[in-house]
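Peer 1: One predicted model, sequence on top.
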Amino acid sequence: MESEGGVLLPLFHEHPMMPWNDHMRKGDCCECFEPQSDDGYYCKRCDFFVHKKCGDEISEFISDHPSHPDHTLRLQEKRGTNVCDICERKIQNLCYSCEVCDFDMDLHCAKYPPPHVIENFEKHPHKLTLVKEQTVFNCSAKCEKTSEFSYKCEECDVVFHVECVWHPEAVEHLIEVNHIHHSLHPLKFLTGDPPNYSDGKCRHCGRKVHKELFYHCSSCNFTLDWRCVVNPPPQSLVDLKAHDHQLTLLPRLDSFTCNACGLDGVRSRYACFHCGFMIHRECLYLPRVININRHDHRVARTTVLGEGAINSVCGVCRKKVDWTYGGFSCHKCPPGYVVHSKCATSFDVWNEKELEGVPEEEEDIEPYVVIDENTIQHFSHKEHYLRRIHGNDGILYEENKRCSACTNPIGLQSFYGCLDCDFYLHQNCAGCPKMKRHVLCNERLILLINEELEHFNCYACGKGSNGFMYKHGRVKLDVLCGSISEPFVHPSHPHHPLYNIPTEEKEICNGCKIEGRHVLKCIEVDCGFVLCFKCATLPQVVKNRVEDHPLSLCYGEEEEEASGKYWCDICEKETNPKEWFYTCKDHMASLHTKCVLGDTAGLMPRSKAKMWSGSYEVVLNNSVTRPFCCYCESRCMYPIYLKFLGTSETYFCSTKCALFLFFIQSMERNPEGNIDDMLQKSMD
């Protein structure tokens, strides 16, 4: 079927595909997995290729396949983490799937189905019969897998995985092969553990061959896993996306530096004999134009960053870049925003979308229209104009007036107020863009007004809120955490900026002394300052009923300065002077941050919050008497408490107490219930 810009082959792919006859492109057909070149069709957008003759052999449906005879299998395109249920190989593009049950089979296993009976398996003397159901068992080959399709001996209690018994490559006279990338000696087919003298990895792809079938030359200590034997990388190629000249594969273990990413390597690489260019195999497929989660503009790959990046640091890891190697750069941000290739394409920075050839749309992200010097019309409140009121206009603190975006009290800073109704926005909150990128989400976030005052827990700090939210999918950020961008400067660490450096390691926050993964760090040598998002967004000044004056956030005291014990006037318990606390001007009080704010500080007073299958009224705790919490049975001491709707005297001092009671009642109603399901329900 002809389509604009290409041939549309709905059986294989959703995008138009162009006729392709590049004979340098070998072995990456989605169907054959073999080292051959031929005319075919190619999707540039997805780097998806199918040989023409292979495509002619593919059918849309398979009925009564030996591996899955009960249901009809349909050809589908799947990517990501899907694996073949027969051989456990990762599915690259196409597979046959069962629409009745969760079963996927790659095209290779569809083409070479395992036989019903095997009688000459070298590891067992009896006949083995294919079991056509997935069962849980311990494989007699001791391959350390737990469940899969199996061959079973009817004479004794022996069971093998299909993959441990049936190797179509070996059956097809591939017990010994003369491989194009190792012409000195033939490679022998082996299973089990690799030889002790080997590093146990495939020379090409670097995957471990432990407990898998592979090919090995003992004379040269050369190992290839079966994937790279059946589907070897091309020996030479011309890919203008990677380099201007022809590249040749060098399957040797030699140290080199990749010109595309600037990192060292020791395994097979492609080299240009014309100019000495070297590149990792995986770097051949680096994208050209992408978005990353910590920069507003697109970044483009370049083969050499150039002299303009001599003194630049990577926009992700904050380490110095080598301008003589390749990387990604932004052409809209002089003198140049640059990122290491590996940093830009890491899973927690890039959304894996190639944008080359995709037009960049201009979108309106401005949150308001300026009416005059002190008047705006905000997108969240289009029915009325908002008037700016300066922080020095006599309003020191208004507990009853709250910012609709962050839900914090109005006062002590400039804000916008509606002239006709009770609607307010801090000046900073009013300026939050309608769309932005954030270090904790690979997709662009959209600012939602939250008209229904939906309760949510911020992905960054964990605090509950029903104000405005930045959202994409399941990632929800309150506007305070959503507004944090790099470099971030906090009053507790004014001399050095802070950055979010992607890592799997948890680190201890200097403010609350709690370990967490979503943190901001100082990159200066020997500094080690770490700040979690919760502490980074604590208000610098607050008002509390226990003090007549506003309270200021104190960043702890040095050990030598801390003399005697500190006591919190709210909970009447000891405070740790090394942790952050709130204090008044005369420093006679030291109050826990939790006691001053509580865990309901992000909820808008007089609103209705929906949480855990119940609705609650958010009440300011400013009356003469304080109610008792129905869970912990203590007086509600935090600035805001919750009243369960539909009852006259059911109060909770915190969302924590409300959540605990919800769990207790849920377990009483359903003793056999799954605690993980309840936790997920509470988070949703």
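Peer 2: Perfect, I can see it now. Numbering: from 1, shown residues only.
Peer 1: gap between the nearest residue to C421 once chain neighbours are set aside and D296?
Peer 2: Spatially, and ignoring its direct neighbours in sequence, C421 is nearest to H384 (6.4 Å; CB to CB, 6 or more residues apart in numbering). C-beta: built from backbone N, CA, C; applies to glycine. Applying CB to CB, to the nearest Å, the value for H384 to D296 is 30 Å.
Peer 1: So between these two, which is more surrounded?
Peer 2: D296 (16 against 13; other CB atoms under 10 Å).
Peer 1: Pull the contacting residues for the more buried one.
Peer 2: K436, R437 (CB atoms under 8 Å, 6 or more residues apart in numbering).
Peer 1: is it fair to say it lies in a strand?
Peer 2: No: under DSSP: H, G, I helix; E, B strand; the rest coil, D296 sits outside any strand and is assigned coil.
Peer 1: Look up how far D225 lies from it.
Peer 2: To D225, D296 is 42 Å away according to CB to CB.
Peer 1: what's the answer for H124, then?
Peer 2: Distance from H124 to D225, by CB to CB: 24 Å.
Peer 1: repeat for E176
Peer 2: Distance of E176 to D225, computed by CB to CB: 16 Å.
Peer 1: between those two, which one's more packed in?
Peer 2: Using other CB under 10 Å, the more surrounded residue of E176 and D225 is D225, with 20 against 12.
Peer 1: Pop out the phi and psi values for that one.
Peer 2: Torsion angles at D225 (phi, psi; degrees, to the nearest 10) stand at phi -80, psi 160.
Peer 1: residues contacting it?
Peer 2: D225 neighbours (CB under 8 Å, 6+ apart): C202, C205, R207, V209, E212, L213, F214, Y215.
Peer 1: again, only this time at 6 Å
Peer 2: For D225, the contact set (CB atoms under 6 Å, 6 or more residues apart in numbering) comprises C202, R207, V209, F214.
Peer 1: Then C595?
Peer 2: Counting by CB under 6 Å, 6+ apart, the residues that C595 touches are C568, I570, C571.
Peer 1: now it, nearest residue through space, not along the chain?
Peer 2: Nearest residue to C595, sequence neighbours excluded (CB to CB, 6+ apart): I570, at 3.9 Å.
Peer 1: Count residues in the vicinity of that neighbour, would you?
Peer 2: I570 is flanked by 20 other residues according to other CB under 10 Å.
Peer 1: Secondary structure class of it, three-state.
Peer 2: coil.
Peer 1: OK, contacts around it?
Peer 2: For I570, the contacting residues are V546, L591, C595, M637, by CB under 6 Å, 6+ apart.
Peer 1: now, the most widely separated pair of the residues you listed?
Peer 2: The largest separation in the contacts of I570, counting by CB to CB, is between L591 and M637 at 11.0 Å.
Peer 1: How much space separates G464 from W580?
Peer 2: For G464 relative to W580 (CB to CB), the value is 20 Å.
Peer 1: and if you look at E451?
Peer 2: From E451 across to W580, the span is 34 Å (CB to CB).
Peer 1: Tell me which of these two has more neighbours.
Peer 2: Neighbours were tallied for E451 and for W580 using other CB under 10 Å; the higher tally belongs to W580 (20 against 7).
Peer 1: Tell me how the protein divides into domains.
Peer 2: With domains defined by automatic domain parsing, the chain comprises 2-57, 170-230, 236-284, 286-344, 368-430, 541-597, 608-683.
Peer 1: Could you export these as JSON lines, including mean pLDDT and distance to Y151?
Peer 2: Below are the domains of the chain laid out as JSON lines (pLDDT from 0 to 100; distance: least, CB to CB, whole Å):
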{"stretch": "domain 2-57", "mean pLDDT": "57", "distance to Y151": "23"}
{"stretch": "domain 170-230", "mean pLDDT": "79", "distance to Y151": "14"}
{"stretch": "domain 236-284", "mean pLDDT": "87", "distance to Y151": "35"}
{"stretch": "domain 286-344", "mean pLDDT": "90", "distance to Y151": "42"}
{"stretch": "domain 368-430", "mean pLDDT": "85", "distance to Y151": "63"}
{"stretch": "domain 541-597", "mean pLDDT": "79", "distance to Y151": "60"}
{"stretch": "domain 608-683", "mean pLDDT": "78", "distance to Y151": "35"}
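Peer 1: Could you list the low-confidence segments of the stretch 51-200 of the chain?
Peer 2: Applying pLDDT under 70 to the stretch 51-200 of the chain flags the ranges 51-57, 79-81, 87-88, 92, 120-123, 132, 134, 141-149, 167-175.
Peer 1: Recalculate using a threshold of 50.
Peer 2: Regions of the stretch 51-200 of the chain meeting the criterion pLDDT under 50 cover residues 169-173.
Peer 1: can you map out the helices along it?
Peer 2: 52-57, 107-111, 162-165, 168-171 (DSSP state H, counting those that start in this stretch).
Peer 1: Okay, strands next: where are they in the stretch 51-200 of the chain?
Peer 2: With strands called from DSSP state E, counting those that start in this stretch, the stretch 51-200 of the chain shows them at 61-62, 73-77, 94-98, 103-106, 117-118, 128-136, 147-153, 158-161, 176-179, 182-190.
Peer 1: C512 is nearest to which of these?
Peer 2: strand 147-153 (43.0 Å).
Peer 1: Which among the contacts of D225 count as buried?
Peer 2: Buried residues within those, counting neighbours by 16 or more other CB atoms under 10 Å: C202, V209, F214.
Peer 1: Ramachandran coordinates for the last one?
Peer 2: Taking degrees, to the nearest 10, you get phi -160, psi 170 for the backbone angles of F214.
Peer 1: Now do the same contact list for it.
Peer 2: F214 makes contact with L190, T223, D225, according to CB under 6 Å, 6+ apart.
Peer 1: next one: the first one
Peer 2: C202 makes contact with T223, L224, D225, C228, according to CB under 6 Å, 6+ apart.
Peer 1: tell me the phi and psi of L448?
Peer 2: L448 adopts backbone torsions of phi -110, psi 140, taken as degrees, to the nearest 10.
Peer 1: In the sheet, which residues pair with it? Tell me.
Peer 2: M469 (DSSP bridges).
Peer 1: Run through the strands of the stretch 301-450 of the chain in chain order.
Peer 2: 327-330, 337-339, 368-372, 375-378, 386-389, 398-402, 409-410, 415-418, 424-426, 435-438, 441-448.
Peer 1: deepest of the domains of the chain, which one?
Peer 2: With neighbours taken as mean count of other CB atoms under 10 Å, the domains of the chain reach their highest mean count in domain 286-344, at a mean of 19.
Peer 1: From the opening residue of it to its closing one, how far?
Peer 2: This stretch, domain 286-344, spans 10 Å end to end (CA to CA, to the nearest Å).
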